[in-house]
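Visitor: coords please:
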Amino acid sequence: MAYREEVDGIPDALDMTVESLKEGSLTVVRALLVESAGALNHWYLTLGKALAELLTCTAESTGYSTAAARFLKASADEYHHARQRFEHTVFLLGRDTAPLTGNYPRFTSSLNLPMQCLEDE
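Guide: Residues are numbered from 1 along each chain as shown. As a prediction, this is how the structure comes out:
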């Protein structure tokens, strides 16, 4: 529940950003991209926190319950899909290939449950 509360509205906001970009001035577009990158970064950090919190660490086992694994996989897939949409939008706006800085989230491609992390591309 804490994870859901933390990321509530981010996917919808990212979808609305893409629509807003079609009609915005350069200043508005830049502000929307910065805001969206910040939202993706927050989502990334919250998913990382959920990875750590849902891990079952006991003397007998170290792993995720079946339900937790399904939840984390679905949540990571949702994040990656939103991230790809955002990247595609930025690409279409002609972003250059300079190194990313600031609050822009790192590139990720998949969920690694045993290592409790989102893997970089």
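
Visitor: before we move on, what SS does Leu118 have?
Guide: Put simply, Leu118 is strand when judged by DSSP: H, G, I helix; E, B strand; the rest coil.

Visitor: Is it correct that it is in contact with Leu47?
Guide: Yes: Leu118 lies in contact with Leu47 (C-beta atoms under 8 Å); the separation is 6.7 Å. Just so you know, the C-beta spots here come from the backbone N, C-alpha and C atoms, and that holds for glycine as well.

Visitor: anything in contact with each of the two?
Guide: Ala76, Tyr79 (C-beta atoms under 8 Å, 6 or more residues apart in numbering).

Visitor: Name the spans of this structure whose pLDDT lies under the cut-off.
Guide: Scanning the chain for pLDDT under 70 picks out the ranges 16-26, 57-62, 91-108, 120-121.

Visitor: Mind jotting down where the helices sit in it?
Guide: Remark: helices assigned in the chain by DSSP state H are 2-7, 10-21, 26-53, 66-92.

Visitor: Include distance to Leu113 and mean neighbour count when you put those into TSV, please.
Guide: Shown next, in TSV, are the helices of the chain (distance: least, C-beta to C-beta, whole Å; neighbours: other C-beta atoms under 10 Å):
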stretch	distance to Leu113	mean neighbour count
helix 2-7	15	14
helix 10-21	22	15
helix 26-53	8	16
helix 66-92	6	15
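
Visitor: can you redo those helices as CSV with distance to Asn112?
Guide: Output for the helices of the chain, formatted as CSV (distance: least, C-beta to C-beta, whole Å):
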stretch, distance to Asn112
helix 2-7, 18
helix 10-21, 22
helix 26-53, 9
helix 66-92, 10
